[in-house]
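Asks: Build me a structure from this.
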Amino acid sequence: MSNDTKQMEIFSVWSDEIENRLDPFFYRPIFKKLVATINNAKRKVLSLGDIVEFSVAGDWGEDPNSFEPNPDYQLCYVLRNTNFDNKYNLNFDDVAQRYVKNSKVEKLALQKGEILIEKSGGSPVQPVGRVAFVEDLPFDKPVVFSNFLQKIKISGSAFMPEYVFTFLQAIYHLGYTEFLQNQTTGIKNLRLDDFLKIKVVELPKDEQKKIAKFAFDTRRKAKKMEEEAGQVLTSIDNFVLGELGIEIPEGGAEWVYEVWSDEILGSRLDPEYYNPRFKLFYSALSKAKYDIVNLEQITKAVFQGVGKNETENPAITLLKVKNITRNGDIDYLDTEFVQDVPETKILQKGDIVSPFIGEAVRQCKFAIFDRDDAVFAVDNNTGVIRVNTEKANSRYVAEVLNSSVGKIQLEQLIGGGGVPFLGATNATKLQIPLPPMKIQEKIADKIISFREQVQTLRAEVTEIWAGAQKQVEEMILK
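Replies: All right, here's what the predicted structure looks like:
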C-alpha cells in the first residue's frame, strides 16, 4: 500500500474513538487504514515495547573545544541525526567527538545489532522517526549517540533485530510515524510511547531471516552503485584539472601563519582569507595550459535575483536556492511564482545559476538553466552568471567552477564568519583558464557524458530501492 498524506480530506471522529490524543491528524482515515493493515496481518503481532529488552535516551556530551578533560569523562564518537542515511543507513563520514561521562558511556555505548531511533528532528518534508541499524562500528573509541536519538535492543530469540529494523523501516516509508509526532518551535518530536506500541508482525525465524537478508543485500547493492556514481563525479574533477594542466597542491588549512600589513586587501580583515594555501593554489592556477581570465571578462551580466513578491499568478516561475541540487542540476518541480520582474532579470537559456547568499553557498553548485518553454526568474539569494557565448561556453564555465578550481576560490572569497555571502561582485572575480572554444566544447561534452552515467546509475538505484521497499512491505504485511 502507499500513503498519500497530501490529499485533502474531510472526515468525522466519533466520541468513542477518542483515545489519549486530541489532535485530528491522529484520526485521519489514511492512518487508520495503515494501522489496520498492520494489525490485521494474518499473523500474530506484538507491540514493539513487548519485544524490547531496554530503551535508552542519548546524550550530546561536552564540547572538546571548551571542556576541561577529567578522569570522570572520556572522549567518544557521537552519532547524530545527520549520520542517518535515508537509504543506506548509517553514514560515518562526519561523526562528532564529544566528552561523555563514564557512567553514561557504559549505558550508551553502541553494540552491533542495536537499533537507533530518531526521536527529535525531521523537516517540513521528512517525518521524524527514522531508524538505523548498528551493523558496523569502525572506530577506536566508544560510539554513543546524541540526545535527539534513542536506542533499543531486541530481547530474546523470537525476533531477529535485523527483521525488526527492516519492519520499522518499511512502515516509516509508508508514512506511519507522521501520525506519531508533535511539533514544537520547528522541531518535530516522536511520541515514543506511541512508537513503542507499534505492532510488529511475528513471523517464523526462517521468514524473518529471508526478509532481513533481502533488505540488507538490496541496501548494500544500492549503496555500492551510489558509490560508483560518486566515483564518476570525482573523475569529473580529475578530468577537468588534467585537461587544463592544473596540479592542485596537497595539504589542508594552515593554522599558524603571519600576514604583513601591506598584504591586507580593502575590507578583508578575516585571517583565513590570507591562508598561504590560497597563494599556493593561485600559483598552480597560473601554470595552467591556457590564459586565465576573470568572469567579468567573459560575461554579459552577473546579478542577484528578485526580492520576495510571490504571487499565485503563474506568469513567472521563481527558482530558489533549494532548486539547485547537490549534483549541479536544477529541480523544476518545487517552484513558486513571482511578479514584476525586470526584463533584465528574466532568465535566458544557458544562464548559470548558483546560491549567492546563505549556507548553501559553502557547497556552492553552478547549474545551467536549460528551459525556453516558460518565463523564469530567481530569488535574491540566488545569483545568475550570463556568459558571453562569443567568448566562452556556458557549460564549460559552470563545470570549471564546480571543480576544485572554483571551490578553492569560493572558499577564500566567502570566508568563515557570519552569513556566507558570494554576491555578484565577488563572483566576477572568479578566475578560470580559457582554452579555445572547440576545446571548451570538447571538455563540456565529455563532462555531460560523465553526468549521464551518474544519472543512469542513480536512476537504477532509485528503481532498485523502490522495488525492494514494495517487496518488503508485501512480504511482511501479506
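
Asks: in the stretch 1-150 of the chain, which spans are helices?
Replies: Using DSSP state H, counting those that start in this stretch, the helices of the stretch 1-150 of the chain run over residues 29-39, 102-108.

Asks: So which residues make contact with the last one?
Replies: Among residues not part of helix 102-108, those counted as contacts by Cβ atoms under 8 Å, 6 or more residues apart in numbering are 56, 58-59, 72-74, 76, 100, 142, 144-145, 151. All C-beta atoms are positioned from the backbone trio N, CA, C, and that covers glycine.

Asks: now swap in stretch 188-200 and tell me
Replies: Residues outside stretch 188-200 that contact it (Cβ under 8 Å, 6+ apart): 38-39, 45-49, 51-52, 55, 117-123, 127-129, 150, 159, 164, 167-168, 171, 176-177, 180-183.

Asks: In the stretch 1-150 of the chain, where is pLDDT below threshold?
Replies: 1-42, 124 (pLDDT under 70).

Asks: same thing but at 80, please
Replies: 1-43, 86-88, 122-125 (pLDDT under 80).

Asks: Stretch 440-448: which residues count as buried?
Replies: Using 16 or more other Cβ atoms under 10 Å as the test for burial, stretch 440-448 gives 440, 443-444, 447.

Asks: Can you tell me which of those residues is nearest residue 111?
Replies: Distance to residue 111, by Cβ to Cβ, is smallest for residue 447 among those, at 45.1 Å.

Asks: Just read off the phi/psi values of residue 293.
Replies: Backbone torsions of residue 293, given as degrees, to the nearest 10, read phi -130, psi 150.

Asks: That one and residue 317, how far apart?
Replies: Taking Cβ to Cβ, to the nearest Å as the measure, residue 293 falls 32 Å from residue 317.

Asks: quick one: which of those two has more around it?
Replies: residue 317 (18 against 15; other Cβ atoms under 10 Å).

Asks: Retrieve the pLDDT associated with the more buried one.
Replies: The per-residue pLDDT reported for residue 317 equals 89.

Asks: in the sheet, who's paired with it?
Replies: In this entry, residue 317 is beta-bridged to residue 337, residue 376, by DSSP bridges.

Asks: That one against residue 379, yeah?
Replies: No - if you go by Cβ atoms under 8 Å, residue 317 and residue 379 don't touch, sitting 11.4 Å apart.

Asks: Next, show the common contact partners of the two.
Replies: Contacts common to residue 317 and residue 379, judged by Cβ under 8 Å, 6+ apart, are residue 338.

Asks: quick one: low-confidence parts of the stretch 151-300 of the chain?
Replies: Where the stretch 151-300 of the chain drops to pLDDT under 80, the residues are 183-187, 249-274.

Asks: tell me the helices in it, going along the chain?
Replies: 161-173, 192-195, 205-244, 276-285.

Asks: tilt between the last one and helix 205-244?
Replies: Here helix 276-285 points in a direction 60 degrees away from that of helix 205-244 (axes from the mean of the first three to the mean of the last three Cα atoms, to 10 degrees).

Asks: Now which of the contacts of stretch 188-200 would you call buried?
Replies: Listed as buried from these are 38, 48, 51-52, 55, 117-122, 127-129, 150, 159, 164, 167-168, 171, 176-177, 180-181; burial here means 16+ other Cβ under 10 Å.

Asks: got any ranges where the stretch 351-478 of the chain has weak pLDDT?
Replies: Under the criterion pLDDT under 80, the flagged ranges of the stretch 351-478 of the chain are 363-364, 415-418, 477-478.

Asks: Residue 344: what's it in contact with?
Replies: 301, 303.

Asks: got a pLDDT number for it?
Replies: Reported pLDDT for residue 344: 92.

Asks: How about residue 340?
Replies: Listed pLDDT for residue 340 reads 81.

Asks: Could you pull up phi and psi at it?
Replies: Backbone torsions of residue 340, given as degrees, to the nearest 10, read phi 60, psi 50.

Asks: Starting from residue 377, give me the distance back to it.
Replies: Applying Cβ to Cβ to residue 340 and residue 377 gives a distance of 10 Å.

Asks: Wait, a strand at residue 446?
Replies: No - per DSSP: H, G, I helix; E, B strand; the rest coil, residue 446 lies outside any strand segment and is helix.

Asks: Isn't it up against residue 239?
Replies: Yes - counting by Cβ under 8 Å, residue 446 does reach residue 239; the two are 6.6 Å apart.

Asks: coming back round to it: just want to know which of residue 340 and residue 377 has more residues nearby.
Replies: Remark: of residue 340 and residue 377, residue 377 carries more neighbours, 20 against 9, as counted by other Cβ under 10 Å.

Asks: which residues touch the residue nearest to that one when sequence neighbours are not counted?
Replies: Here the nearest residue to residue 377 in space, its sequence neighbours aside, is residue 341; by Cβ to Cβ, 6 or more residues apart in numbering that works out to 4.6 Å. Contact analysis of residue 341 by Cβ under 8 Å, 6+ apart lists 306, 316, 377.

Asks: Could you rerun that using 10 Å?
Replies: Contacts for residue 341 (Cβ atoms under 10 Å, 6 or more residues apart in numbering) come out as 305-306, 309, 315-316, 318, 347, 375-378.
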